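Participant: Sequence and predicted structure below; questions after.
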Amino acid sequence: MGWFFRTFYSTIGKKLIMSLTGLFLCSFLLVHLTGNFQLFKDDGGEAFNHYSEFMSTNILIRILEIGLFLGFALHMTEAFWLYFLNKRARPVAYAKNQASENSTLISRTMIWSGSIVLVFLLVHLKSFFFDHRIIGSELTMYQGVVQAFQDPLYSWFYVLAMVLLGFHLNHGFQSAFQTLGLNHKKYTPLIKTVGLLFSILVPLGYITMPLYFLFTK
């Protein structure tokens, strides 16, 4: 078991954990988006409320929520750990090479885009998970969504967070497969294309929700 813990605490191990948890979180984003499309049904929120009730009472979903929480926690912890390890290993910027020559702007700002998305996630969880599942709001989940998205400040912060998430996903999706050793001249272009489409379409799908309620309700 010694090799396992050495790998877990090594830089390579941390990158592997980030890659695996990142791909797991990508699958959650897709599933969550699909469920949230119930918001667009013209039934006064009945379908979305049924969906929310199922998600909050099904025992299998509750178990998966624990895995999801652990996935988020591991991904964020490893990201910050790697960031500070890199800063400590290279406290002085390269004298000869510009940063732009060594990496892209998106890759250099991953920690910051991820941090803003994290702040958004905490606000989002407070507005929906904590208020409805822990405290017990008098509003239905659909009414809570409408109320939140009719607040311009919340909605535009949501849009900003999804734009940053898109940049984060575009770099992270490709990096995950590279870290897992799945680079190949035949498949890498496909991975990059899928990653680009995923990083555009998924955040765009989420963005439609606050804009829909902000401008049509």
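Facilitator: Good, I have the coordinates.

Participant: From here on, just use CA atoms for contacts and neighbour counts.
Facilitator: OK.

Participant: In the protein, which helix is the longest?
Facilitator: helix 59-89 (DSSP state H).

Participant: Out of the helices and strands in the chain, which is least certain?
Facilitator: Lowest by mean pLDDT, DSSP states H and E among the helices and strands of the chain is helix 99-102, with a mean of 50.

Participant: how far is stretch 70-80 from where the chain is centred?
Facilitator: 11 Å (Cα atoms, centre = their mean, to the nearest Å).

Participant: For it, which residues meet the burial criterion?
Facilitator: Across stretch 70-80, burial judged by 16 or more other Cα atoms under 10 Å covers 71-72, 74-76, 78-79.

Participant: possible to save those as JSON lines with distance to residue 191?
Facilitator: Output for those, formatted as JSON lines (distance: Cα to Cα, whole Å):
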{"residue": "71", "distance to residue 191": "22"}
{"residue": "72", "distance to residue 191": "23"}
{"residue": "74", "distance to residue 191": "24"}
{"residue": "75", "distance to residue 191": "21"}
{"residue": "76", "distance to residue 191": "24"}
{"residue": "78", "distance to residue 191": "24"}
{"residue": "79", "distance to residue 191": "22"}
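
Participant: show me where pLDDT drops low in this structure?
Facilitator: The chain contains residues with pLDDT under 70 at 1-9, 89-103.

Participant: Okay, helices next: where are they in it?
Facilitator: Going by DSSP H, the chain shows helices at 2-9, 11-36, 46-57, 59-89, 99-102, 105-108, 110-124, 141-149, 152-179, 188-216.

Participant: If I take the fourth one and helix 46-57, what angle do their directions form?
Facilitator: With axes from the mean of the first three to the mean of the last three Cα atoms, to 10 degrees as the criterion, the two stretches helix 59-89 and helix 46-57 enclose an angle of 80 degrees.

Participant: Packing partners of helix 59-89?
Facilitator: helix 11-36, helix 46-57, helix 110-124 (3 or more Cα pairs under 8 Å, 6 or more residues apart in numbering; DSSP states H and E).
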